[in-house]
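Asker: Sequence first, predicted coordinates after that:
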Amino acid sequence: MKLTILGGGGFRVPLVYGALLGDRAEGRVTAVTLHDVDAHRLDAVARVLAEQAAGHPDAPRVSVTRDLDEAVRGADFVFSAIRVGGLEGRAADERIALAEGVLGQETVGAGGIAYGLRTVPVAAAIARRIAELAPDAWVINFTNPAGLVTEAMSRVLGDRVIGICDSPVGLGRRVAKALGADPATAWTDYVGLNHLGWLRGLRVGGRDRLPDLLADSEALGSFEEGRLFGPDWLRSLGAIPNEYLHYYYFNRETVRAHQEAQQTRGAFLLAQQAGFYEEMKRPGTPALAAWRRTLAEREATYMAANREAAGAGERDAEPGGYEQVALALMRAVARDERTTLILNVRNRGTLSVLDADAVIEVPCFVDANGAHPVAVDPLPHHATGLVTAVKAVEREVLAAAGSGSLSHAVTAFALHPLVDSVPAARRLADAYRATHAGLAYLRRP
């Protein structure tokens, strides 16, 4: 089975390859094609993968290419993990937003809109090439903003594109652990959009154990979200929010923490990864050791500003992430190994407040025919308001990308709950357009 990874020079690709090395079952991936526009990054990651494969005589063979058509032709699965504009773009997104006094995170608020505006046209073009050259391939989208990009690609590929994120899976695992339950057998009631969802229940043996957790302050303080949001607020919600909702519920404190930080997350990653790829230019560099060292530092500093603002302490170290979700998804589809995963898929009536084609993040039954969203209870009003508002923003981004209208882009910024001013939205749109060559397609009426 052939797997193509778009963005194959990306830093997290070795996580995926490591998961593949652990798969010994029949029908596993035997060939991996890495595609990227940057030849040096491709070479660096290929070196890491070669060291990972040492001692694995049946390791999937790896090839690299900068030709998109060559990469996707004949693929059974395509992972989309591109970053349009690179980390330089992310750092600029953060800087411009914070200068305006609003959040610049890459998937939330102004930064997420800017990233989406330059990513959607590229992702849609890729989807068209896949539809032409590999119509039977399943596309697994990692590219952020994951829900928005998955929806853009679904307009071409339909249900053959599925978005994934490790945040809901990690949240369910942490809640189960806090309750002394087995995450593998507990049912996680989770619903929302990507990076905008709530765990509303955890059923063990047919009983919802979440009320037990909410009543136990010590247990709530034992995991990341409990410390991040605080027991009182979690009890008020009657749910455990995805960690990204900290940007909404504690926006003022988070923006201040980001403004006061020595550097933004994007600027940190830009410098850190530039150092890794520069180190990899030296032929004698132990590739896998350098990558592991860089990864450990990256993971330890994740959402550091939020944790500092909340006094949440150090981040919990956890095994496995989005690569394990991707592997489970591939196994279910390729081998008809039926499983349940929290995924980004088209709504199909699951949430009545959104139309059928809106991509949402919910538990899904997965089999050889793809991912099928599970029926869920309606959202409470406070969550409905956020979900419908952010979906409206995503639709404006899609409209801007499809039409080239700067007006739609401004509307996207202005409608977002974390942008508090129409004039600020106009300034943001103009500043991003002036900074990013990838937004030159946006035109005034």
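Answerer: Sure, I can see it.

Asker: This protein: strands as residue ranges?
Answerer: Assigned by DSSP state E, the strands in the chain fall at 2-6, 31-35, 61-65, 77-80, 138-141, 161-163, 187-193, 196-204, 207-208, 240-241, 339-346, 359-367, 370-373.

Asker: So what touches the second one?
Answerer: In this case it means strand 31-35. Residues outside strand 31-35 that contact it (Cβ atoms under 8 Å, 6 or more residues apart in numbering): 1-9, 13, 17, 20, 42, 45-46, 49, 60-68, 70-72, 75. Where you see a C-beta, it was placed from the backbone N, CA and C, and this is true even at glycine.

Asker: Now for residue 147: which residues touch it?
Answerer: 163, 193, 194, 195, 344, 359, 360, 361, 394.

Asker: Can you tell me the closest non-neighbouring residue to the second one?
Answerer: Beyond its immediate neighbours in the sequence, the residue positioned closest to residue 193 (Cβ to Cβ, 6 or more residues apart in numbering) is residue 147, lying 5.1 Å away.

Asker: Return the set of buried residues in stretch 276-290.
Answerer: Judged by neighbour count using 16 or more other Cβ atoms under 10 Å, the buried positions of stretch 276-290 are 276, 277, 279, 280, 285, 287, 288, 290.

Asker: Actually, stretch 181-192.
Answerer: By neighbour count on 16+ other Cβ under 10 Å, the buried set for stretch 181-192 is 181, 183, 186, 187, 188, 189, 190, 191, 192.

Asker: returning to what we had before: which of the strands of the chain sits closest to residue 220?
Answerer: Nearest to residue 220, of all the strands of the chain, is strand 240-241, at 8.8 Å by Cβ to Cβ.

Asker: Show the pLDDT at the closest residue to residue 110 other than its chain neighbours.
Answerer: The shortest distance from residue 110 to any non-neighbouring residue, by Cβ to Cβ, 6+ apart, is to residue 97 (4.0 Å). Note on residue 97: pLDDT of 97.

Asker: Distance of residue 97 relative to residue 241?
Answerer: For residue 97, the distance to residue 241 equals 22 Å [Cβ to Cβ, to the nearest Å].

Asker: Among these two, which residue is more densely surrounded?
Answerer: Neighbour count, other Cβ atoms under 10 Å: between residue 97 and residue 241, residue 97 has more, with 29 against 22.

Asker: Surely the more buried one and residue 108 touch.
Answerer: No. The pair residue 97 / residue 108 is not scored as a contact, 10.2 Å apart, by Cβ atoms under 8 Å.

Asker: which other helices and strands contact the lengthiest helix in the chain?
Answerer: Counting residues, the longest helix found in the chain (DSSP state H) is helix 109-133. Judged by 3 or more Cβ pairs under 8 Å, 6 or more residues apart in numbering; DSSP states H and E, helix 109-133 is in contact with helix 68-72, strand 77-80, helix 86-99, strand 138-141, helix 146-157, helix 381-403, helix 406-415, helix 422-435.
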